[in-house]
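*Asks:* Below are the sequence and a predicted model; questions follow.
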Protein chains: 2
Amino acid sequence: MPSSPIRKLVPYAEAAKKRGTKVYHLNIGQPDIETPKMALDAVRHSDFKVLEYSHSAGNESYRRKLVEYYKKRSIEVDYTQIIITTGGSEAIIFGFMACLDEGDEVIIPEPFYANYNGFAVEAGVTVVPVTSYIETGFALPAMDAFEKAITPRTKAIVICNPNNPTGYLYSRAELETLRDIIKKYNLYLFADEAYREFCYEGEHFSAMRLQDVDDNIVLMDTISKRYSACGGRIGALVTRNKTLLDTVMKFAQARLSPPGFAQILGEAAVDLPEDYFDETKAEYKCRRDLIVERLNAMEGVFCPNPGGAFYVTARLPVDDADVFCQWLLESFEHNGQTVMLAPASGFYTTPGLGKNEVRLAYVLNTGDIDKAMDCLAVAIKQYNLR
Amino acid sequence: MPSSPIRKLVPYAEAAKKRGTKVYHLNIGQPDIETPKMALDAVRHSDFKVLEYSHSAGNESYRRKLVEYYKKRSIEVDYTQIIITTGGSEAIIFGFMACLDEGDEVIIPEPFYANYNGFAVEAGVTVVPVTSYIETGFALPAMDAFEKAITPRTKAIVICNPNNPTGYLYSRAELETLRDIIKKYNLYLFADEAYREFCYEGEHFSAMRLQDVDDNIVLMDTISKRYSACGGRIGALVTRNKTLLDTVMKFAQARLSPPGFAQILGEAAVDLPEDYFDETKAEYKCRRDLIVERLNAMEGVFCPNPGGAFYVTARLPVDDADVFCQWLLESFEHNGQTVMLAPASGFYTTPGLGKNEVRLAYVLNTGDIDKAMDCLAVAIKQYNLR
């Protein structure tokens, strides 16, 4: 089982804080946005007397409510096609375990969310990367790159849209390329749409809207980022594939039920006003614009301007971003401050890739992002003069 | 992946209810006891603004609080030896995945909690049963029965104490027999103590109190039954084995964090007055006494008097308990009422065993248990006259 690459620097950050250094955390996708009060209040005002197991697929009232949410996003499903999971994490592991056998291969465009590796180990399957490149802003690799990676053991492709760690928002045309591939080779498409609500240019096109591949599409969803409710651990696996739903239900029944309190939160949140996301999106867009501008203004730094999520992956003029990120915490401070970044190497499977790239999560307000960028600009110069 | 044997009768129960028949549910371990109000209130009065990921091992404040709980149960651990899990279910799957490799064998006295089979499938390991018998009240099989089952692939023994589905409370001497076996063969002992608080005769002796086997013991715990908080999905994996803790943490980090709200509930519940369990235990003991008496008063029925949990496994004078339990829901009613039981065959791995046994969960009040037993007595006679 691999260690989390995002978390391995934590002890260095803790040591820096103990020395009195202020650390700006751009390393982890914990939003600072407040959880909607009306959704928290739904939990606080709940008045049941026994905290019972819910249905293994989640409360029916919540699943029926989610149908409304999806309908507004042009995703037509009925409540029996939704299984509530313990976070998006469980939706991913259920999808892997229900669709894939020991030794099967799953193709993922790299860089990708590092925990897919952990879930693949748990399910006994092999991750095969196809590389996307910073020069094209991490656009979907061409169809022939996928076809070269396909073997008789290939059973699925995973796509995270908009992407973690790159922020790239896949277009409808790119999704349709994926549709052609999965149709031709009869593969599953696992669509992780955790960041669906955070698109700054253009519309999100869900994999669930692809035509003629109903049995191949598995949506892995979560309320963690949507409502800044990461700690609730509520997600969903959504598919129109009846056989697959039956298999996933066996896994769901083995673990009895998803968490109770946060299902109440998720159900209430569907009734947030439609303009709820406008404010959050406007805030994230400001931050993205700022961080992209600040990064590209640094000599030797290149950062694409991604269309969604709250991450950017940038190239830095350093020899080894793993060493640099540790050095930032261990040996650097600027006016008593430093910055914590996620080295991108952990998001690649191909050895050597991402060595001079980092992921930055813009989960701080613009004032803090500015100060963090001040630190980074000074740090890059100092690091290269060591 | 196997289906849950407890849940396969659900459609028949739903059909019975649609026909207007009242169904007494003795089939599932959902307690009817109220969740302690002070613990629910801790959640309702929480005033955080962002529902953040907790630490992957659970909130430190909760883990420190649990140390107090365990200390009162003569279990000496420090908070770094506790990893909070999503229900006891996740503690079991983490234990299996962290300790066992594909193809390893794990010995479990049968009948056993059927979901162990599901978790074994998920972890790719083989369950090897050693049979316990209704005639001895489902006491621990003799040491040589375990030794006969041990192969070079055997890595662990699972014990559920007090037991689900039999209610049997293992004695200190039986635990010490297990200690001798795991020491001699260097095995893990996974101790599922979900029902620790529900012992009606004699003291509970935790596997964590066994001497000289610190690295071999893995406690799988949960607040689900303890505080009637099944829907919270909060458990814990506890071990003094440092290497194992490190491995489990990798699985914990991959799924980010356990549920947030119910950690607050669990932390508050540790401060319940020490006599909190007295009332609950007194209630369960009344129910047990009643159900055991009523069952043994029926001709041809045998039910041992178990020391803990809230289950009994009884032998009925029927040819096939699976058929009988379905017939109870499909073809029987007594004054507009019937009863739902769990056929015991699903709790055995050895084919043919448990064919005329059922598990009854005494999670209804004594009035309802009486009415359910009235139904059962009439049903057995009618069934055998068909």
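*Replies:* Thanks, I have the structure now.

*Asks:* what about the spatially most central residue of chain A, helix or strand, and which?
*Replies:* Centroid check for chain A by Cα atoms, centre = their mean gives A:N164 as the closest residue, at 4.4 Å. Counting by DSSP states H and E, there is no helix or strand that carries A:N164.

*Asks:* Tell me where the stretch 151-300 of chain A has strands.
*Replies:* Applying DSSP state E, counting those that start in this stretch to the stretch 151-300 of chain A gives strands spanning A:154-160, A:188-192, A:217-222, A:235-238.

*Asks:* I'd like the ones you listed as JSON lines, with mean neighbour count, distance to chain B and mean pLDDT appended.
*Replies:* Yep, even glycine has a C-beta here, placed from its N, CA and C like the rest. JSON lines is the format used below for the strands of the stretch 151-300 of chain A (neighbours: other Cβ atoms under 10 Å in any protein chain shown; distance: least, Cβ to the nearest Cβ, whole Å; pLDDT from 0 to 100):
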{"stretch": "strand A:154-160", "mean neighbour count": "22", "distance to chain B": "15", "mean pLDDT": "98"}
{"stretch": "strand A:188-192", "mean neighbour count": "26", "distance to chain B": "14", "mean pLDDT": "98"}
{"stretch": "strand A:217-222", "mean neighbour count": "26", "distance to chain B": "10", "mean pLDDT": "98"}
{"stretch": "strand A:235-238", "mean neighbour count": "28", "distance to chain B": "11", "mean pLDDT": "98"}
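
*Asks:* quick one on the thing from earlier: who's in contact with the residue nearest to the centre of chain A?
*Replies:* Residues in contact with A:N164 (Cβ atoms under 8 Å, 6 or more residues apart in numbering or on different chains) are A:G29, A:F112, A:Y113, A:A194, A:Y195, A:A309, A:Y311.

*Asks:* pLDDT score for it?
*Replies:* pLDDT for A:N164: 97.

*Asks:* Excluding sequence neighbours, find me the nearest residue to it.
*Replies:* Nearest residue to A:N164 in three dimensions, chain neighbours excluded: A:Y113, at 4.8 Å (Cβ to Cβ, 6 or more residues apart in numbering or on different chains).

*Asks:* quick one: which helix or strand includes the one you found?
*Replies:* A:Y113 belongs to no helix or strand, assigned by DSSP H and E.

*Asks:* Contact partners for it?
*Replies:* Applying Cβ under 8 Å, 6+ apart, the residues near A:Y113 are A:C160, A:N164, A:P165, A:D192, A:F347.

*Asks:* same thing but at 10 Å, please
*Replies:* Taking Cβ atoms under 10 Å, 6 or more residues apart in numbering or on different chains, we find A:Y113 in contact with A:6, A:29, A:88, A:92, A:119, A:158, A:160, A:163-165, A:192, A:194, A:311, A:347.

*Asks:* try A:D215
*Replies:* Contact analysis of A:D215 by Cβ under 10 Å, 6+ apart lists A:N186, A:Y188, A:T239, A:R240, A:N241, A:K242, A:T243, A:L244.

*Asks:* and the gap between it and A:R240?
*Replies:* Applying Cβ to Cβ, to the nearest Å, the value for A:D215 to A:R240 is 7 Å.

*Asks:* Kindly report the same for A:R233.
*Replies:* To A:R240, A:R233 is 25 Å away according to Cβ to Cβ.

*Asks:* quick one, which of these two is more surrounded?
*Replies:* Between A:R233 and A:R240, counting by other Cβ atoms under 10 Å in any protein chain shown, A:R233 is the more crowded of the two (32 against 19).

*Asks:* residues in contact with A:P109?
*Replies:* Contacts for A:P109 (Cβ under 10 Å, 6+ apart) come out as A:129-132, A:138-141, A:145-146, A:157-160, A:163, A:166, A:168, A:170, A:178.

*Asks:* give me that answer again for 7 Å
*Replies:* Residues in contact with A:P109, defined by Cβ atoms under 7 Å, 6 or more residues apart in numbering or on different chains, are A:V130, A:S132, A:L140, A:P141.

*Asks:* rewinding a little: farthest pair within the contacts of A:Y113?
*Replies:* Farthest apart among these by Cβ to Cβ are A:F119 and A:Y311. That separation is 19.3 Å.

*Asks:* Looking at the two, which is more packed in?
*Replies:* Neighbours per residue, other Cβ under 10 Å: of A:F119 and A:Y311, the larger number sits with A:Y311, 27 against 23.

*Asks:* Show me where the stretch 1-150 of chain A has its strands.
*Replies:* Under DSSP E, counting those that start in this stretch, the stretch 1-150 of chain A gives strands at A:22-25, A:82-85, A:105-110, A:126-131.

*Asks:* how about the last one against chain B, any contact?
*Replies:* Translated: strand A:126-131. No - for a cut-off given as Cβ under 7 Å from any Cβ of the partner chain, strand A:126-131 has no contacts with chain B; the smallest distance is 13.4 Å.

*Asks:* Tell me which residues are up against that strand.
*Replies:* The contact list for strand A:126-131, computed with Cβ under 7 Å, 6+ apart, reads A:105-110, A:116-117, A:120, A:141, A:145-146, A:149, A:348-350, A:353.

*Asks:* Now list the buried members of the residues you listed.
*Replies:* Buried members of the contacts of strand A:126-131, counted by 16 or more other Cβ atoms under 10 Å in any protein chain shown: A:105-110, A:116-117, A:120, A:141, A:146, A:149, A:348-349, A:353.

*Asks:* which among these gets closest to A:A262?
*Replies:* A:Y116 (23.2 Å).

*Asks:* Quick check: that closest one touching A:V158?
*Replies:* Yes - between A:Y116 and A:V158 there is a contact under Cβ atoms under 7 Å: 6.2 Å.

*Asks:* which residues do these two both contact?
*Replies:* Residues touching both A:Y116 and A:V158 (Cβ under 7 Å, 6+ apart) are A:I108.

*Asks:* where in the stretch 151-300 of chain A is pLDDT low?
*Replies:* Nowhere does the stretch 151-300 of chain A drop to pLDDT under 70.

*Asks:* Would you mind listing what in it touches chain B?
*Replies:* Contacts of the stretch 151-300 of chain A with chain B, taken as Cβ under 7 Å from any Cβ, map to A:228-233, A:247, A:250-251, A:253-257, A:259-262.

*Asks:* again with the stretch 1-150 of chain A
*Replies:* Counting by Cβ under 7 Å from any Cβ, the residues of the stretch 1-150 of chain A that sit close to chain B are A:1-4, A:7, A:30, A:32, A:34-35, A:43-44, A:49-54, A:86-87, A:89, A:97, A:102, A:115, A:118-119, A:122, A:124.

*Asks:* Now, those residues that are in helices?
*Replies:* Among these, the ones falling in helices (DSSP state H) are A:V43, A:R44, A:G87, A:S89, A:M97, A:N115, A:G118, A:F119, A:E122.

*Asks:* hang on, isn't the last one packed against B:M97?
*Replies:* So that's A:E122. Yes - the criterion here is Cβ under 7 Å, and A:E122 meets it with B:M97 at 6.4 Å.

*Asks:* how far away is the nearest residue to A:E176 once chain neighbours are set aside from A:A156?
*Replies:* Of all residues not flanking A:E176 in the chain, A:L210 sits nearest, at 7.0 Å (Cβ to Cβ, 6+ apart). Going from A:L210 to A:A156 by Cβ to Cβ gives 15 Å.

*Asks:* now do A:I84
*Replies:* 22 Å.

*Asks:* for the residue nearest to A:I291 when sequence neighbours are not counted, what are its contacts?
*Replies:* Residue nearest to A:I291 in three dimensions, not counting chain neighbours: A:Y362, with 5.0 Å by Cβ to Cβ, 6+ apart. Counting by Cβ under 7 Å, 6+ apart, A:Y362 makes contact with A:Y284, A:R287, A:R288, A:I291, A:F310, A:I369.

*Asks:* Could I get the pLDDT score of the closest residue to the second one other than its chain neighbours?
*Replies:* In this case it means A:R287. Nearest non-adjacent residue to A:R287, counting by Cβ to Cβ, 6+ apart: A:Y362, 4.1 Å away. At A:Y362, the model reports a pLDDT of 97.

*Asks:* do A:P5 as well
*Replies:* Reported pLDDT for A:P5: 67.

*Asks:* From A:A342, how far off is the residue nearest to A:N164?
*Replies:* Note on A:Y113: its distance to A:A342, by Cβ to Cβ, is 11 Å.
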